[in-house]
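Engineer: Next one to model:
(one chain, ligands or ions: 1)
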Amino acid sequence: MATTLPRLRGPNNPPKNALPALPMPKSRKSTGGIASPTRTPRSGLRAPSAASIHGGPPLSPAPTGALPIPRGAGINSAGRSIRKTVSINSFPQPPSRSGSLPPSPLSGVPTPARRARTPQLTSKTGFQSSGMPSFLNGGGEGKSLLGGAGTRHSDGLVSVASPPQSRSSSAQDSYSTSATTYDDPSEMNGAGVREKRASKGLDGKGNVLVSVRARPDAGGSNGQTEGEWMVDGRKSLVAYRGREGGDYFYDNVFTTHDDNSRVYDHIAKRLVRRVMEGYHGTVFAYGMTGTGKTFSMQGTASSPGVIPLAITDIFSYIRETPSREFLLRVSYLEIYNERIHDLLSMPAANATGAAAAQEEIKLREDSKRGVYATPLKEEIVQSPTQLLRVIARGDQARRTASTQFNARSSRSHAVVQIVVESRERLPGGSGADGKRSGLVPGGVRVSTLSLIDLAGSEKAAESKERRQEGSHINKSLLTLGTVISKLSDNKEMEAKGGDKDGKHLPYRDSKLTRLLQGALSGNSLVSILCTIQTGAAGSTASANSHATETLNTLKFASRAKNSIVSHAKRAEEALGAGGEGGARVLLERYRMEILELRQQLDTQGKATNTKVEEVEDEKDAEEELAREKEAEARHEEQILEMQLARTALKERIDHLNRLILSSKSTGVNSNGTYSALGVHSRFSQTSIRTSLTTPSGLERTASRGSSASTIGRRSVGARHSSGEEATVNEDEDTIGEYGDGMASLEAQNQSLQADLADKNRYIATLEKRLVQARRASSSRTSAGFSTPNKGIMVGEDHSVSALIKEKDAEIAELRARLDDKDKMLTALRSAARSRDAAEGLETQRSEARSSLLLESVSPPPQDALPDPPVAKTNRYSPVRKRSVDEMSKMLDEMIQDRVESGQLVRGVRGSVRVANDRKAGGITDLSQPGLELPQNDQVVGGEAQSLIREA
Ligand SMILES: Nc1ncnc2c1ncn2[C@@H]1O[C@H](COP(=O)(O)OP(=O)(O)OP(=O)(O)O)[C@@H](O)[C@H]1O
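Structural biologist: As a prediction, the model looks like this:
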């Protein structure tokens, strides 16, 4: 059995834009020819009227008449189109799915109801199915197409409604095929073993899962019986009793009562789980326009469809699988008029609303990846919310237009592809021990989940534009039908022992089949949902046309059931980063990068320590002081650089670790899964969708700049279409630059702000480190020097600078006071000098008087001597003395005040000095040059006092 799953390649080329390939075998070659199917597969389901298949084209998507516009099609009174199918970004708190559904979303436990069903293989006239087990359904029982007996009631169209509660998930009880052995013993319960045995006995391969869903009649009749149609969910039967009538059995048939949740559980839940386990999986919706493909895939706010529910389960799986770590990336493309467009990087619209041209996306093929689109943007997602937003963004960019049958008809095939990378988690977490070398246990497994909403088949179109689109749509759907028919023929031939490759398959005839090549050729698990609308109001012609179209869909479903044989295998694990396709295995690349960075970190840590030691050693060498200083400066610089580099490396490691999801990841856990949908609902409900309407009437929101960051690129430049506003409550789990999803300006803004905050924090860290390093550097450089580092401002410690300022102010104040004191002292000294001079004169006069008295015999002439100054002195001295006393007293009081306040200390001999604690409190540096506190400051008071006392 050929293994054609994508292989991993070398690690050096980061995946950028390529869409992971839908797996494709190399065994078949296309000749480009379209061959019409001519035979009903021997073992396949057969429509009751074989002629309807053989006689007509294999797929005739075009309705033959004009059908009335469904009333529920969403055209308002003004004739403007309203999107009835709410975008997937608009899911409110999803409805509780616990009631009628399996208790655990991924329990995989088959339910009794489904197990109890017995294959209907006993019809005399009916045609048995191939009996192939469905890998996804587990029934694998293959329904027979019975002409009447056994399945239909005798009266023909008895409606057998099957309330949702009575049904169980058939998707839960499929376990294996011989080709794809499911190796989880825990799930190999009795039913699984039974199925496995049965599958071996039958075909050894797994069929695709084919389901049919009938949408409620636009006319309002919701019954199971619509004229000539009967839809029986319990029997998985669609019966038609008109011309070419018959009974059609499928893996699942959903009535108009079945909601999206139920549809998902039966058609995709198991497949999603398989994808998480390493298989490739494809789900696509096929059907006539307006029958509910988009409704089923995307859903509504109150009833999320396959895509959002799959996303929910993906993250549930991650959460519930602590033994593995995951990395998810998503891409979203559309095929419109046979051209591929990247819905995640739609160019901005110009002023006229016309979108700028996008780089052409091409399909390429290589042996490892099969067929893939390139260049295509992929975004790494870390939470359900983020993933939903990315898809919602793509959804809004998708081309839609109002048609006769659908007010908002999808005019393109849309492919959401989610790539799941996973690997075993190393014991002890992330492998931070640095012990891992290139080879790591387990390797990385890469699988893809493709969720495809096809454009609806249609014929009638009023405008040229619509007709052109319609013809492209129909052509690609026709090619799809042809490929499936030929696959069926080939299978039959193979069974007969003929050429294994059989007829050439025209995959290349359309982009759709080319892209689906891997899935159609069996490398992927496939689930097909065919949508029909049984009721058709209006003329008989339109009813006939509608019936023909519905029959074509049913025949397509039958052929697909018999044609596509899955031999999907679990993806091989790429060992190390060097495995095949390693370049695309981001998980491994990130892990390796983290490892390398950690090693660098370790090395740098050691180098830093060595440097520090060297610095210490060199410090001891006093004889080489000058050299030491220089070396120190250099080393400090190096240490600083290393520290900065370490910080950067740590940041990078943190970032990479955030991208890798595990059961404990914030994004995976926060908000849970349903709440993520809740966030979306808020987003959508508050958003105003103002899609641009081009002259052709084609709606799209094409003016979105791509903010999406592809791998290794940063999210930039989020732009929204003009006039579009969206309000979103930011979820906490949108992490990093990849998390915007462009859901809204506000979300963008918040995301950018968060990013900015991150960067600011980082800058702050760097600055801090810089300052620390500088401080350390200058403290070391200045060791042995008394010059204080006045130049260095301790940036982060504002309290220190405040303290210094305070002390400066105190010093200035003290200086002012000292000045005052100096002035007073000068005044006192001058007073003292005057007093001394006066006293000296008085003494001289006294002496002179004494000598005169002694010489009384000859008294001198009275006027011989001038008036004794003493008389003058005596006259004025009491006043002067009083003033000196007052000043002395004042000075004493001042000094006493200082002594009492602790600023000055009185010495034993009456002298005073500045208190020691005042010095220690920051004013000791007054002695520093430039601050000039007088050295004799402490005795000033004492000197003054002694002077005063003297006075
Ligand atoms: N099962 C359903 N229950 C309720 N409404 C439905 C259901 N299926 C479809 N509808 C409604 O029918 C309308 C058309 O559905 P939708 O757009 O999903 O059709 P479609 O098959 O995707 O059409 P097209 O191929 O033109 O894109 C929408 O308004 C949708 O809400």
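
Engineer: Can you tell me which residues in the stretch 501-650 of the chain are near the ligand?
Structural biologist: Counting by CB under 6 Å from any ligand atom, the residues of the stretch 501-650 of the chain close to the ligand are residue 531. (Each C-beta comes from the backbone N, C-alpha and C, glycine too.)

Engineer: partner residues bridging the closest residue to the ligand within the stretch 501-650 of the chain?
Structural biologist: When distances are taken as CB to the nearest ligand atom, the stretch 501-650 of the chain approaches the ligand most closely through residue 531, which lies 5.6 Å from it. Using DSSP bridges, the beta-bridge partners of residue 531 come out as residue 213, residue 287.

Engineer: For stretch 267-287, give the mean pLDDT please.
Structural biologist: Averaged across stretch 267-287, the pLDDT comes to 92.

Engineer: and the end-to-end length of that stretch?
Structural biologist: 16 Å (CA to CA, to the nearest Å).

Engineer: for stretch 293-303, same thing?
Structural biologist: By CA to CA, the extent of stretch 293-303 from end to end equals 14 Å.

Engineer: cool, stretch 289-306 as well?
Structural biologist: With CA to CA, one end of stretch 289-306 sits 18 Å from the other.

Engineer: Which single residue in the stretch 351-500 of the chain comes nearest to the ligand?
Structural biologist: Of all residues in the stretch 351-500 of the chain, the one sitting closest to the ligand is residue 456 (2.3 Å; CB to the nearest ligand atom).

Engineer: what's the closest non-adjacent residue to that residue?
Structural biologist: If the residues on either side of it in the chain are set aside, residue 456 comes closest to residue 289, at 2.9 Å by CB to CB, 6 or more residues apart in numbering.

Engineer: so that neighbour makes contact with residue 457?
Structural biologist: Yes. Here residue 289 reaches residue 457: they are 6.6 Å apart, a contact under CB atoms under 8 Å.

Engineer: Residue 818: how many residues sit nearby?
Structural biologist: A total of 16 residues lie near residue 818 under the criterion other CB atoms under 10 Å.

Engineer: Then it would be within a helix, right?
Structural biologist: Yes. According to DSSP: H, G, I helix; E, B strand; the rest coil, residue 818 belongs to a helix.

Engineer: And the pLDDT for it?
Structural biologist: If you check residue 818, the pLDDT there is 80.

Engineer: if I look at it, how far off is residue 643?
Structural biologist: Taken as CB to CB, to the nearest Å, the spacing of residue 818 relative to residue 643 amounts to 47 Å.

Engineer: and the residue of the stretch 351-500 of the chain closest to the ligand, what does it touch?
Structural biologist: With contact set as CB atoms under 8 Å, 6 or more residues apart in numbering, residue 456 has these partners: 287, 288, 289, 290, 291, 293, 405, 406, 409, 410, 473.

Engineer: can we see that at 10 Å?
Structural biologist: Under the criterion of CB atoms under 10 Å, 6 or more residues apart in numbering, the neighbours of residue 456 are 61, 285-294, 403, 405-406, 409-411, 470, 473-474, 477, 531, 549, 553.

Engineer: follow-up on the earlier one: so what does the residue nearest to residue 456 have for phi and psi?
Structural biologist: phi -60, psi 140 (degrees, to the nearest 10).

Engineer: And for it, the neighbour number?
Structural biologist: Neighbour count for residue 289, taken as other CB under 10 Å: 27.

Engineer: Then residue 623?
Structural biologist: Each residue near residue 623 was counted by other CB under 10 Å, and the total is 7.

Engineer: On the three-state scheme, it is what?
Structural biologist: Three states are possible here, and by three-state DSSP the one that applies to residue 623 is helix.

Engineer: show me the contacts for it.
Structural biologist: Contacts of residue 623 were listed using CB under 10 Å, 6+ apart, and none were found.

Engineer: Next one: it from residue 631, what distance?
Structural biologist: Note on residue 623: its distance to residue 631, by CB to CB, is 14 Å.

Engineer: ok, now residue 312?
Structural biologist: 61 Å.

Engineer: if we can go back for a sec, now go through the contacts of residue 456 and say which are in strands.
Structural biologist: Among the contacts of residue 456, the residues falling in strands (DSSP state E) are 285, 286, 287, 409, 410, 531.

Engineer: Would you mind giving those as TSV with neighbour count added?
Structural biologist: Listed next are the ones in strands among the contacts of residue 456 as TSV, based on neighbours: other CB atoms under 10 Å:
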residue	neighbour count
285	30
286	27
287	29
409	26
410	27
531	28
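
Engineer: Closest one to residue 481 out of these, please.
Structural biologist: residue 286 (9.3 Å; CB to CB).

Engineer: quick one: that closest one and residue 293 touch, right?
Structural biologist: Yes. Because the distance of 7.1 Å satisfies CB atoms under 10 Å, residue 286 is recorded as touching residue 293.

Engineer: tell me, what's touching these two both at once?
Structural biologist: Taking CB under 10 Å, 6+ apart as the contact rule, the neighbours common to residue 286 and residue 293 are 452, 453, 454, 455, 456, 529, 530, 531.

Engineer: does the second one really touch residue 285, like I thought?
Structural biologist: Yes. Taking CB under 10 Å as the contact criterion, residue 453 and residue 285 are neighbours in contact, 5.5 Å apart.

Engineer: any shared contact partners between those two?
Structural biologist: Counting by CB under 10 Å, 6+ apart, the shared contacts of residue 453 and residue 285 are 293, 294, 295, 296, 297, 298, 305, 306, 410, 414, 529.

Engineer: Alright, I will stop here.
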